[in-house]
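J.: Have a look; sequence and predicted model below, questions after that.
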Amino acid sequence: MSTTPPHEPVPVVVLVSGTGSLLQAILDASQDPAYGVRVVAVGADRAGTLGVERAEAAGIPTFVCQVADHATREEWDAALAEAVTAYEPQLVVSAGFLKLVGPAFLARFGGRYLNSHNALLPSFPGIHGPADALAYGVKVAGATLFVVDEGVDTGAIVAQVAVPVLDDDTVETLTERIKAAERPQLVEMLGRMAREGYAVEGRRVTIGTWRSSG
Ligand SMILES: Nc1nc2c(c(=O)[nH]1)N[C@@H](CN(C=O)c1ccc(C(=O)N[C@@H](CCC(=O)O)C(=O)O)cc1)CN2
Ligand SMILES: NCC(=O)N[C@@H]1O[C@H](COP(=O)([O-])[O-])[C@@H](O)[C@H]1O
(Lines give C-alpha, C1' and ligand atoms only; values in the text may rest on other atoms or scores of the structure.)
(Ligands and ions follow the chains in the order given, each with its own letter.)
Protein backbone atom coordinates (compact mmCIF):
# COMPACT_ATOMS: atom_id res chain seq x y z
CA MET A 1 0.00 0.00 0.00
CA SER A 2 1.38 3.40 -0.98
CA THR A 3 1.41 6.24 1.54
CA THR A 4 2.19 8.83 -1.12
CA PRO A 5 -0.61 11.37 -1.49
CA PRO A 6 -2.17 11.16 -4.97
CA HIS A 7 -1.81 14.92 -5.51
CA GLU A 8 0.49 17.67 -4.33
CA PRO A 9 -1.09 19.43 -1.32
CA VAL A 10 -3.47 22.15 -2.47
CA PRO A 11 -2.25 25.71 -1.67
CA VAL A 12 -4.72 27.49 0.62
CA VAL A 13 -4.85 31.05 2.00
CA VAL A 14 -6.71 31.42 5.31
CA LEU A 15 -8.32 34.74 6.33
CA VAL A 16 -8.83 35.56 10.02
CA SER A 17 -9.96 38.44 12.24
CA GLY A 18 -9.50 37.09 15.75
CA THR A 19 -8.41 34.17 17.89
CA GLY A 20 -7.70 31.79 15.04
CA SER A 21 -8.66 28.50 16.71
CA LEU A 22 -10.13 27.28 13.40
CA LEU A 23 -6.92 28.31 11.64
CA GLN A 24 -4.90 26.38 14.24
CA ALA A 25 -6.95 23.24 13.56
CA ILE A 26 -6.15 23.55 9.83
CA LEU A 27 -2.47 24.21 10.56
CA ASP A 28 -2.30 21.14 12.81
CA ALA A 29 -3.97 18.90 10.21
CA SER A 30 -1.76 20.19 7.39
CA GLN A 31 1.35 19.00 9.22
CA ASP A 32 0.53 15.66 7.60
CA PRO A 33 1.22 15.87 3.81
CA ALA A 34 -1.46 13.22 3.25
CA TYR A 35 -4.05 15.74 4.50
CA GLY A 36 -3.75 17.41 1.10
CA VAL A 37 -3.67 21.06 2.18
CA ARG A 38 -0.71 23.46 2.40
CA VAL A 39 -1.44 26.80 4.09
CA VAL A 40 0.62 29.23 1.98
CA ALA A 41 -0.40 32.44 3.78
CA VAL A 42 -2.68 33.84 6.46
CA GLY A 43 -4.32 37.24 6.00
CA ALA A 44 -6.18 39.48 8.43
CA ASP A 45 -8.32 42.62 8.21
CA ARG A 46 -6.82 44.04 11.40
CA ALA A 47 -3.43 44.23 13.14
CA GLY A 48 -2.41 42.31 16.24
CA THR A 49 -4.65 39.26 15.99
CA LEU A 50 -3.85 36.00 17.73
CA GLY A 51 -4.64 34.30 14.42
CA VAL A 52 -1.72 36.04 12.72
CA GLU A 53 0.51 35.23 15.71
CA ARG A 54 -0.40 31.55 15.32
CA ALA A 55 0.60 31.67 11.64
CA GLU A 56 3.89 33.39 12.45
CA ALA A 57 4.62 30.75 15.09
CA ALA A 58 4.09 28.11 12.39
CA GLY A 59 6.45 29.93 10.01
CA ILE A 60 3.69 30.84 7.54
CA PRO A 61 3.73 34.19 5.67
CA THR A 62 1.13 36.70 6.87
CA PHE A 63 -0.37 39.95 5.64
CA VAL A 64 -2.80 42.55 7.00
CA CYS A 65 -5.24 44.39 4.72
CA GLN A 66 -7.29 46.94 6.68
CA VAL A 67 -10.33 48.79 5.33
CA ALA A 68 -9.11 51.95 7.11
CA ASP A 69 -5.93 51.98 5.01
CA HIS A 70 -7.93 52.37 1.78
CA ALA A 71 -9.90 55.30 0.40
CA THR A 72 -13.00 53.22 -0.36
CA ARG A 73 -14.40 49.79 0.44
CA GLU A 74 -13.99 48.89 -3.24
CA GLU A 75 -10.26 49.72 -3.10
CA TRP A 76 -9.92 47.56 0.00
CA ASP A 77 -11.70 44.70 -1.75
CA ALA A 78 -9.36 44.95 -4.76
CA ALA A 79 -6.30 45.19 -2.48
CA LEU A 80 -7.40 42.10 -0.55
CA ALA A 81 -7.86 40.24 -3.82
CA GLU A 82 -4.32 41.28 -4.90
CA ALA A 83 -2.78 40.31 -1.57
CA VAL A 84 -4.35 36.85 -1.68
CA THR A 85 -3.56 36.34 -5.38
CA ALA A 86 0.14 36.91 -4.67
CA TYR A 87 0.18 33.49 -2.94
CA GLU A 88 -1.54 31.72 -5.86
CA PRO A 89 -3.98 29.70 -3.73
CA GLN A 90 -6.37 27.17 -5.21
CA LEU A 91 -8.71 27.68 -2.26
CA VAL A 92 -9.31 30.54 0.19
CA VAL A 93 -10.86 29.87 3.60
CA SER A 94 -12.47 32.42 5.92
CA ALA A 95 -11.98 31.18 9.47
CA GLY A 96 -13.54 33.87 11.62
CA PHE A 97 -12.90 36.61 9.03
CA LEU A 98 -15.34 39.42 9.90
CA LYS A 99 -15.41 41.36 6.66
CA LEU A 100 -17.73 40.94 3.70
CA VAL A 101 -15.79 40.68 0.46
CA GLY A 102 -17.00 42.35 -2.72
CA PRO A 103 -17.02 41.96 -6.51
CA ALA A 104 -13.25 42.26 -7.09
CA PHE A 105 -12.48 39.49 -4.60
CA LEU A 106 -15.26 37.24 -5.85
CA ALA A 107 -14.22 37.77 -9.50
CA ARG A 108 -10.91 36.08 -8.59
CA PHE A 109 -12.01 33.57 -5.99
CA GLY A 110 -15.73 32.95 -6.52
CA GLY A 111 -16.41 29.22 -6.25
CA ARG A 112 -13.05 28.73 -4.48
CA TYR A 113 -13.75 30.75 -1.33
CA LEU A 114 -15.12 28.87 1.70
CA ASN A 115 -16.47 30.30 4.94
CA SER A 116 -17.25 28.60 8.21
CA HIS A 117 -20.11 30.32 10.02
CA ASN A 118 -21.18 29.65 13.61
CA ALA A 119 -24.90 29.12 12.99
CA LEU A 120 -27.14 26.71 11.12
CA LEU A 121 -27.80 28.74 7.99
CA PRO A 122 -30.07 30.06 6.66
CA SER A 123 -30.86 30.98 10.29
CA PHE A 124 -28.76 33.62 12.01
CA PRO A 125 -26.45 35.04 9.36
CA GLY A 126 -24.03 37.86 10.25
CA ILE A 127 -21.47 38.24 12.99
CA HIS A 128 -23.55 37.37 16.09
CA GLY A 129 -24.68 33.82 15.24
CA PRO A 130 -24.55 32.23 18.72
CA ALA A 131 -26.04 35.31 20.44
CA ASP A 132 -28.87 35.48 17.91
CA ALA A 133 -29.58 31.75 18.28
CA LEU A 134 -29.68 32.05 22.08
CA ALA A 135 -31.92 35.14 21.95
CA TYR A 136 -34.34 33.34 19.61
CA GLY A 137 -34.53 30.38 21.99
CA VAL A 138 -33.60 27.62 19.55
CA LYS A 139 -32.76 24.22 21.08
CA VAL A 140 -30.26 23.22 18.39
CA ALA A 141 -27.43 25.43 17.13
CA GLY A 142 -24.35 24.65 15.05
CA ALA A 143 -22.02 25.61 12.25
CA THR A 144 -22.25 25.81 8.46
CA LEU A 145 -19.45 25.53 5.92
CA PHE A 146 -20.38 27.19 2.62
CA VAL A 147 -19.02 28.51 -0.67
CA VAL A 148 -19.13 32.31 -0.36
CA ASP A 149 -21.20 34.34 -2.83
CA GLU A 150 -22.09 38.04 -3.03
CA GLY A 151 -24.78 37.81 -0.32
CA VAL A 152 -24.33 37.68 3.46
CA ASP A 153 -24.00 33.99 4.40
CA THR A 154 -26.16 32.92 1.47
CA GLY A 155 -23.64 30.71 -0.40
CA ALA A 156 -24.14 27.06 -1.33
CA ILE A 157 -23.81 24.82 1.71
CA VAL A 158 -21.00 22.24 1.91
CA ALA A 159 -21.71 20.80 5.37
CA GLN A 160 -23.46 21.49 8.66
CA VAL A 161 -22.98 20.24 12.19
CA ALA A 162 -25.46 20.60 15.06
CA VAL A 163 -24.93 21.00 18.80
CA PRO A 164 -27.53 21.22 21.59
CA VAL A 165 -28.40 24.51 23.27
CA LEU A 166 -28.46 23.94 27.03
CA ASP A 167 -30.78 25.69 29.50
CA ASP A 168 -27.91 27.42 31.29
CA ASP A 169 -25.96 28.42 28.18
CA THR A 170 -24.42 31.86 27.88
CA VAL A 171 -23.21 33.34 24.60
CA GLU A 172 -19.70 32.27 25.62
CA THR A 173 -20.52 28.62 26.44
CA LEU A 174 -22.61 28.20 23.30
CA THR A 175 -19.93 29.87 21.15
CA GLU A 176 -17.30 27.46 22.46
CA ARG A 177 -19.54 24.37 22.03
CA ILE A 178 -20.18 25.38 18.43
CA LYS A 179 -16.48 25.95 17.78
CA ALA A 180 -15.63 22.52 19.23
CA ALA A 181 -17.86 20.95 16.54
CA GLU A 182 -16.96 23.49 13.84
CA ARG A 183 -13.22 22.82 13.91
CA PRO A 184 -13.36 19.10 13.02
CA GLN A 185 -16.05 19.76 10.39
CA LEU A 186 -13.88 22.41 8.73
CA VAL A 187 -10.75 20.24 8.87
CA GLU A 188 -12.51 17.19 7.47
CA MET A 189 -14.39 18.94 4.68
CA LEU A 190 -11.50 21.17 3.59
CA GLY A 191 -9.26 18.11 3.37
CA ARG A 192 -11.85 16.18 1.38
CA MET A 193 -12.45 19.08 -1.02
CA ALA A 194 -8.70 19.44 -1.57
CA ARG A 195 -8.05 15.71 -2.03
CA GLU A 196 -11.19 14.65 -3.86
CA GLY A 197 -12.29 17.78 -5.70
CA TYR A 198 -15.77 19.27 -5.60
CA ALA A 199 -18.42 20.78 -7.83
CA VAL A 200 -20.95 23.56 -7.19
CA GLU A 201 -24.11 23.27 -9.28
CA GLY A 202 -26.69 25.82 -8.26
CA ARG A 203 -27.10 25.41 -4.52
CA ARG A 204 -25.74 21.86 -4.49
CA VAL A 205 -22.14 21.10 -3.55
CA THR A 206 -20.79 17.64 -4.39
CA ILE A 207 -17.48 16.32 -3.14
CA GLY A 208 -15.52 13.59 -4.92
CA THR A 209 -15.55 14.85 -8.50
CA TRP A 210 -11.89 13.93 -9.11
CA ARG A 211 -12.43 10.48 -7.66
CA SER A 212 -15.50 9.82 -9.81
CA SER A 213 -13.84 11.17 -12.99
CA GLY A 214 -10.67 9.21 -12.28
N1 LIG B 1 -19.52 38.52 0.30
C2 LIG B 1 -19.38 37.78 1.41
N3 LIG B 1 -18.27 37.92 2.17
C4 LIG B 1 -18.11 37.14 3.27
C5 LIG B 1 -19.14 36.27 3.69
C6 LIG B 1 -20.28 36.13 2.88
O7 LIG B 1 -21.22 35.35 3.14
N8 LIG B 1 -20.37 36.90 1.74
N9 LIG B 1 -19.01 35.57 4.90
C10 LIG B 1 -18.01 36.13 5.76
C11 LIG B 1 -18.05 35.76 7.19
N12 LIG B 1 -19.29 36.22 7.83
C13 LIG B 1 -20.03 35.24 8.43
O14 LIG B 1 -19.86 34.08 8.26
C15 LIG B 1 -19.60 37.58 7.93
C16 LIG B 1 -18.57 38.50 8.07
C17 LIG B 1 -18.85 39.85 8.19
C18 LIG B 1 -20.15 40.32 8.17
C19 LIG B 1 -20.38 41.78 8.29
O20 LIG B 1 -21.52 42.22 8.32
N21 LIG B 1 -19.28 42.54 8.35
C22 LIG B 1 -19.25 43.98 8.38
C23 LIG B 1 -18.41 44.47 9.53
C24 LIG B 1 -18.79 43.91 10.84
C25 LIG B 1 -17.79 44.34 11.93
O26 LIG B 1 -16.56 44.32 11.67
O27 LIG B 1 -18.23 44.67 13.03
C28 LIG B 1 -18.54 44.49 7.14
O29 LIG B 1 -17.94 43.69 6.41
O30 LIG B 1 -18.55 45.72 6.95
C31 LIG B 1 -21.19 39.41 8.03
C32 LIG B 1 -20.90 38.03 7.90
C33 LIG B 1 -16.70 36.28 5.07
N34 LIG B 1 -16.96 37.23 4.00
N1 LIG C 1 -19.77 35.19 10.63
C2 LIG C 1 -18.39 35.01 10.84
C3 LIG C 1 -18.19 34.40 12.20
O4 LIG C 1 -18.83 34.77 13.15
N5 LIG C 1 -17.26 33.46 12.25
C6 LIG C 1 -16.99 32.71 13.43
O7 LIG C 1 -15.92 33.22 14.16
C8 LIG C 1 -15.36 32.15 14.92
C9 LIG C 1 -13.85 32.21 14.77
O10 LIG C 1 -13.23 31.55 15.81
P11 LIG C 1 -11.63 31.51 15.90
O12 LIG C 1 -11.13 32.92 15.74
O13 LIG C 1 -11.36 30.95 17.25
O14 LIG C 1 -11.15 30.62 14.80
C15 LIG C 1 -15.94 30.85 14.35
O16 LIG C 1 -16.90 30.30 15.21
C17 LIG C 1 -16.60 31.32 13.07
O18 LIG C 1 -17.71 30.59 12.69
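T.: Nice, thanks for sending it over. Numbers count the residues shown, from 1 in each chain. Ligands and ions are numbered 1, 2, ... in the order given.

J.: Let me see the domain layout of this protein.
T.: Here the chain is described, according to automatic domain parsing, as comprising the domains 9-109, 116-214.

J.: Assign a three-state SS to Gln160, would you?
T.: Assigned with DSSP: H, G, I helix; E, B strand; the rest coil, Gln160 falls in the strand class.

J.: oh, I was asking about Ala143
T.: Using three-state DSSP, the structure places Ala143 in strand.

J.: quick one: contacts for it?
T.: For Ala143, the set of contacting residues under the criterion of Cβ atoms under 8 Å, 6 or more residues apart in numbering consists of 116-120, 160-161, 178-179, 181-182, 185. C-beta here means a position set from N, CA and C on the backbone, and glycine is covered the same way.

J.: ok, now with 6 Å
T.: Residues in contact with Ala143 (Cβ atoms under 6 Å, 6 or more residues apart in numbering) are 118, 161, 178, 182.

J.: would CSV of the residues you listed with neighbour count be doable?
T.: As requested, these are exported to CSV (neighbours: other Cβ atoms under 10 Å):
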residue, neighbour count
Asn118, 23
Val161, 21
Ile178, 24
Glu182, 25
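
J.: From the residues you listed, pick the one nearest ligand 2.
T.: Using Cβ to the nearest ligand atom, Asn118 is the member of those that sits closest to ligand 2, with 3.5 Å.

J.: How many neighbouring residues does the nearest residue in space to that closest one that is not next to it in sequence have?
T.: Nearest residue to Asn118, sequence neighbours excluded (Cβ to Cβ, 6 or more residues apart in numbering): Gly129, at 4.2 Å. One way to gauge burial is a neighbour count; for Gly129, by other Cβ atoms under 10 Å, it gives 25.

J.: Return the per-residue confidence for Gly129.
T.: Reading off the per-residue confidence, Gly129 sits at a pLDDT of 98.

J.: wait, isn't it in contact with Pro122?
T.: No - if you go by Cβ atoms under 6 Å, Gly129 and Pro122 don't touch, sitting 11.7 Å apart.

J.: before we move on, back to that, identify the farthest-apart pair in the contacts of Ala143.
T.: The largest separation in the contacts of Ala143, counting by Cβ to Cβ, is between Asn118 and Val161 at 10.5 Å.

J.: Would you mind listing what in the protein touches ligand 1?
T.: Residues of the chain found near ligand 1 (Cβ under 6 Å from any ligand atom) are 94, 97-101, 115, 117, 126-127, 148, 150-153, 155.

J.: List just the nearest of those to Ala141.
T.: The closest of the residues of the chain next to ligand 1, once distances to Ala141 are taken by Cβ to Cβ, is His117, at 11.4 Å.

J.: ok, now how distant is the closest one from ligand 2?
T.: Taking Cβ to the nearest ligand atom, to the nearest Å as the measure, His117 falls 5 Å from ligand 2.

J.: Please tell me how far that residue sits from Val205.
T.: From His117 across to Val205, the span is 15 Å (Cβ to Cβ, to the nearest Å).

J.: Compare the two (neighbour count), which wins?
T.: Between His117 and Val205, counting by other Cβ under 10 Å, His117 is the more crowded of the two (26 against 20).

J.: Which pLDDT value does the model give the residue lying closest to that one once chain neighbours are set aside?
T.: For His117, the nearest residue in space outside its immediate sequence neighbours is Thr144; the separation is 5.0 Å by Cβ to Cβ, 6+ apart. According to the prediction, Thr144 has pLDDT 98.
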